[in-house]
Each structure stands twice: as C-alpha cells, then as structure tokens.
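Colleague: this one's sequence-less:
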Ligand SMILES: Nc1ncnc2c1ncn2[C@@H]1O[C@H](COP(=O)(O)OP(=O)(O)OP(=O)(O)O)[C@@H](O)[C@H]1O
C-alpha cells in the first residue's frame, strides 16, 4: 500500500526546533595561492517545513554553505546543529549517521543507478540504513514517496527510459525516503531545459508542504528564488541579505 500524503504529513515532525542552525560559522580553505575565506560569520536558521533559496555570484560560498549543512565539511569555527543535534562533539561516524538519517541530498546530475528501476533507486537509502530485512516496508515507503511526488507511474522504469525531469523526480523521492528533516539541492536543475527546470524547482519547493522537511536550494534563477519562503544572498562568504 502506498503511503498517502496525509500519512507523510503525520510522519515524525521537526516543528519543535529548527531543521538546521548555523552560528557564527567560518570556513577557511587552503588554496594554492594561500587561504580562502569561503564562509564568514554565517548565522542562519533553517526553519522546519519551509523553503530557503540561496543565491550569490560564483565563488560567493553557496556550495560551501550546503556542504556545511550536509555535514560533509566541518566549519573552521562556529556551530552547526541539524534537526536539533549539535554536531561539534560528534565523531566522523556519528556525523555520517546523522547525515544519512536526517539529511536528504538532490544532486545536479541525479546520481541514479542505471541498472535499477525507479522504485529500487528510491529504496537504496532504506537498505543502507535498515539492511534488506524490511524489504516490503522499504518498497511501500518508496512507492509512497514516488506517489507523493506524482511519479508512481515511473516505479518500474529505469532512469535511462525517463526524461531528465522524471529522473530528478525519482532522485528527489530517494532524498525523501528516510523522512529527512532537511533536503539540500545545489542547482538541481542546471542540466535541464527551462520548462523541466521549472517543474523540478516547483516540486522541491512543494516538499515542505508535503512532508514537513525544510528545503535549502541553491539557484541562480531569480523567479525560483522568489518562489521560496525565504532567500539568502551570499557575497564573499557573508550573508548580505536575508
Ligand atoms: N576545495 C576547495 N579548496 C580551496 N578553495 C575552495 C575549495 N572549494 C571552494 N573553494 C573556494 O571557496 C570559495 C567559495 O566557493 P563555493 O564553491 O562555495 O562558491 P559558489 O558560490 O558555490 O560558487 P559557484 O556558483 O561557482 O559554484 C571560492 O573562492 C572557491 O574558489
């Protein structure tokens, strides 16, 4: 049985706290010509069940911000909390565990497994977390999320037999299958034509309403940013408008 929109809405809620919180975050990176201050004194609350667009010129720190939120890059200084969990005291395996259970990521180039059907792709994070023991539950959950995103008809198709918009629909479903508090997307529609890009952006911006997750999306398109609940603009690693 597919999971309905109502069931997804009643999934564990993050409403009692922020989906993510950055406090005075600095990221300093080593570069051949010296050091680069990729993020400077960034304070940011990502509210549960809301969408946030991140904009800024090339090199302003957008991808670095997402990598910090994804718990992939530790800040040089400052605090990061995801879904109410402070991360500064966590070791690498604890960070990986928090990321895999509470953060979903949507990649520009989909990163779907071509030899698997859509529903099998969506089930993958479930298998990594729970093993193959709960196969039936995994499939029900995957079909439910595909249904939620208007993609249940794609379930048995392989990524190679779909248009790019539908591939990204499947990739978004995969990002949602473990019911994350936070979904991150770094320019998720760059490789798509304008109409498909709009549909993908629309779908991502609907996720907070559909599942209660917060969505943080890097976008260069002002119309997409304007459709988000909030916009932050970065300039040389600083938030210049929020
Ligand atoms: N691995 C790295 N090592 C050193 N410097 C880096 C590294 N990654 C990014 N930088 C630098 O950090 C700054 C911020 O980069 P970042 O990729 O976060 O910006 P961006 O806004 O996402 O840019 P773009 O829109 O071009 O992807 C830039 O000056 C960049 O050159």
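Modeller: Done, it's in. The structure presented is a predicted model; accordingly, all values stated were derived computationally and were not measured.

Colleague: Flag every residue of this structure that's near the ligand.
Modeller: 29, 31, 36, 38, 56, 58, 59, 60, 61, 62, 63, 64 (Cβ under 6 Å from any ligand atom). Quick note: C-beta positions are derived from backbone N, CA and C, even for glycine.

Colleague: Out of these, which two sit at the greatest distance?
Modeller: Using Cβ to Cβ, the pair of the residues of the chain next to the ligand lying farthest apart is 31 and 56, separated by 18.6 Å.

Colleague: possible to save the residues of the chain next to the ligand as a markdown table with neighbour count, pLDDT and distance to residue 17?
Modeller: Listed next are the residues of the chain next to the ligand as a markdown table, based on neighbours: other Cβ atoms under 10 Å; pLDDT from 0 to 100; distance: Cβ to Cβ, whole Å:
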| residue | neighbour count | pLDDT | distance to residue 17 |
| --- | --- | --- | --- |
| 29 | 12 | 95 | 30 |
| 31 | 9 | 86 | 36 |
| 36 | 15 | 94 | 32 |
| 38 | 26 | 97 | 27 |
| 56 | 21 | 96 | 27 |
| 58 | 7 | 95 | 33 |
| 59 | 14 | 95 | 32 |
| 60 | 21 | 97 | 28 |
| 61 | 24 | 97 | 25 |
| 62 | 23 | 97 | 25 |
| 63 | 16 | 96 | 26 |
| 64 | 22 | 97 | 24 |
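
Colleague: Next SSE downstream of the helix or strand where residue 140 lies?
Modeller: Using DSSP states H and E, residue 140 sits within helix 135-148. Sequence order places helix 164-176 as the next helix or strand after helix 135-148, per DSSP H and E.

Colleague: Averaged pLDDT, the helix or strand following that next one. What do you get?
Modeller: Sequence-wise, the next helix or strand downstream of helix 164-176 (DSSP H and E) is strand 182-186. Average pLDDT, strand 182-186: 96.

Colleague: Sitting in helices, which of the residues of the chain next to the ligand do you find?
Modeller: Taking DSSP state H, the ones among the residues of the chain next to the ligand that sit in helices are 62, 63, 64.

Colleague: Could you find the closest non-adjacent residue to the last one?
Modeller: Right, the one you point to is residue 64. Leaving aside its sequence neighbours, residue 64 sits nearest to residue 38 (Cβ to Cβ, 6 or more residues apart in numbering; 4.1 Å).

Colleague: contacting residues for that neighbour?
Modeller: For residue 38, the contacting residues are 27, 28, 29, 61, 64, 237, by Cβ atoms under 8 Å, 6 or more residues apart in numbering.

Colleague: And for residue 49, the neighbour number?
Modeller: 20 (other Cβ atoms under 10 Å).

Colleague: my bad, residue 197
Modeller: Applying other Cβ under 10 Å, I find that residue 197 has 21 neighbouring residues.

Colleague: Give the buried residues for the helix or strand encompassing it.
Modeller: Assigned by DSSP H and E, residue 197 falls within helix 194-211. Neighbour counts over helix 194-211 (16 or more other Cβ atoms under 10 Å) mark 196-201, 203-208, 210-211 as buried.

Colleague: For the residues you listed, could you give me a markdown table that also reports pLDDT?
Modeller: As requested, the buried residues of helix 194-211 are exported to a markdown table (pLDDT from 0 to 100):
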| residue | pLDDT |
| --- | --- |
| 196 | 87 |
| 197 | 89 |
| 198 | 89 |
| 199 | 90 |
| 200 | 92 |
| 201 | 93 |
| 203 | 94 |
| 204 | 95 |
| 205 | 96 |
| 206 | 95 |
| 207 | 96 |
| 208 | 96 |
| 210 | 94 |
| 211 | 94 |
